[in-house]
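[1] Mind folding the following:
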Amino acid sequence: MARSNIVNLALVQMTCTANKEANVDKALERVAEAAKAGAHIVCLQEVFNTPYPCQSEDHANFDLAESIPGPTSQRLQRAARLHGVVVTCSIFERRAPGLYHNTALTFDVDGEMVGFYRKMHIPDDPLYYEKFYFTPGDLGFTVARTKYACLGVGVCWDQWYPEAARLFALRGAEILLYPTAIGWLPAERDEYGETQHSSWETSMRGHAIANGLYVGAPNRVGVEGELQFWGGSFVADPSGSVLHRASHDSEELVIVPCDLSRLDVVRTHWPFLRDRRIDAYADLTQRYLDHSTSTH
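    From the prediction side, this is the model:
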């Protein structure tokens, strides 16, 4: 049977509490709700099963992590199989003693794990002390080939890097997904909030345009500690147009139809992949091109 070109993508925007089981219960309720509404792919936000752990450098927060497979991933696997939907998310992975990752998992409609990606770009900013917790990924920019679409699933800080988006696309991704936990410092919101949110969204819309594919970013919402997570979960089409944008302050289930037949149309009208000068990009592997060492 030929694959339908229309794929209904669902993003879950929700609040999180200190009760891990309650967070997972809520997420699975949203998965069931999305499936009932016709979703084919459901994407949960970054570390959806716990409070965002990185606002401080606290060794106690390592107890939030789980091995894979583990309780949360096994429940997601069963949910994907039960509802016949693709489920993808990010969880705090305990790989080995002293070795932890922020890991994106994707389960196909039969419950098979078809995507396993460890967050590559790890930030270290005020209230985002992720380098204390997460080891950078060592799997590369892997894709998840599911029944409905080939997915490139990055995690939060990955969403700012055009190199990452391009590598997902070159491996066949038709939809880029970025489970996210990003928000405002309340004291800064009035002055910088609009610009910060606009930059975040615009960066990913640029990935949609440059690679001719769909982009979806589910972000958490609500206040945790000193951060006000700004929600704003959205889906952009291959032209960069926002098809739906969630609110900044409420839980929401976003479901958007994505017409995968548009990828070839957009990529032949805007042939960025065709016109890439792959012979001229070797310098991208350098940290910085100092004038004193550059030969060009």
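[2] Is residue 152 in a helix, a strand, or coil?
    Under DSSP: H, G, I helix; E, B strand; the rest coil, residue 152 falls in the strand class.
[3] pretty sure it contacts residue 146?
    No - between residue 152 and residue 146 there is no contact, the gap being 11.6 Å when judged by C-beta atoms under 8 Å. The way it works is simple: take the backbone N, C-alpha and C, and place the C-beta from them, glycine included.
[4] So if I had to pick from those two, which one is more boxed in?
    Set residue 152 next to residue 146 and count neighbours by other C-beta atoms under 10 Å: residue 152 wins out with 31 against 25.
[5] Excluding covalently adjacent residues, which one is nearest to that one?
    residue 168 (2.8 Å; C-beta to C-beta, 6 or more residues apart in numbering).
[6] give the contact list for the one you found.
    Residue 168 is in contact with 141, 143, 152, 154, 176, 211, counting by C-beta atoms under 8 Å, 6 or more residues apart in numbering.
[7] that's a strand at the fifth one, yeah?
    Yes - for residue 176, which was evaluated using three-state DSSP, the result is membership in a strand.
[8] Return the residues in contact with the residue nearest in space to the middle of the chain.
    Relative to the mean C-alpha position of the chain, the nearest C-alpha, by C-alpha atoms, centre = their mean, is the one of residue 178, at 1.6 Å. Residues in contact with residue 178 (C-beta under 8 Å, 6+ apart) are 153-156, 158-159, 204, 215-217.
[9] Looking at those, which are in strands?
    Secondary structure of the contacts of residue 178 is defined by DSSP state E; positions in strands are 153, 215-217.
[10] Give the residue spans of the stretch 151-296 of the chain that score low on pLDDT.
    292-296 (pLDDT under 70).
[11] just the strands in it please.
    175-177, 183-184, 214-217, 221-224, 227-230, 234-236, 242-245, 252-259 (DSSP state E, counting those that start in this stretch).
[12] ok, back up a step: of all the contacts of residue 178, which comes closest to residue 128?
    Distance to residue 128 across the contacts of residue 178 (C-beta to C-beta) is lowest for residue 156, with 8.9 Å.
[13] Next up, phi/psi of residue 13, please.
    Main-chain torsions, residue 13, degrees, to the nearest 10: phi -110, psi 120.
[14] now swap in the one 3 residues further on and tell me
    Residue 16 adopts backbone torsions of phi -130, psi 150, taken as degrees, to the nearest 10.
[15] what about the closest residue to residue 225 other than its chain neighbours, distance to residue 277?
    Of all residues beyond its chain neighbours, the one nearest residue 225 is residue 55 (4.7 Å), with distances taken as C-beta to C-beta, 6+ apart. Computed as C-beta to C-beta, to the nearest Å, the residue 55 to residue 277 distance reads 43 Å.
[16] What of residue 248?
    Using C-beta to C-beta, one obtains 40 Å as the distance from residue 248 to residue 277.
[17] what's the answer for residue 159, then?
    Between residue 159 and residue 277 the distance is 25 Å, computed by C-beta to C-beta.
[18] Now do the buried residues in stretch 163-180.
    Neighbour counts using 16 or more other C-beta atoms under 10 Å place 164-169, 173-180 of stretch 163-180 among the buried residues.
[19] Out of those, flag the one nearest to residue 188.
    residue 180 (18.4 Å).
[20] Surely that closest one and residue 220 touch.
    Yes - with contact taken as C-beta under 8 Å, residue 180 and residue 220 are classed as touching, separated by 7.4 Å.
[21] who touches both of those two?
    Taking C-beta under 8 Å, 6+ apart as the contact criterion, the residues that touch both residue 180 and residue 220 are 45-46.
[22] related to what we said a few turns ago, out of residue 159 and residue 277, which sits in the busier spot?
    Comparing residue 159 with residue 277 by neighbour count (other C-beta under 10 Å), the higher total belongs to residue 159, at 23 against 6.
[23] Leaving out chain neighbours, which residue sits closest to the more buried one?
    Nearest to residue 159 is residue 178, by C-beta to C-beta, 6+ apart, at 4.1 Å.
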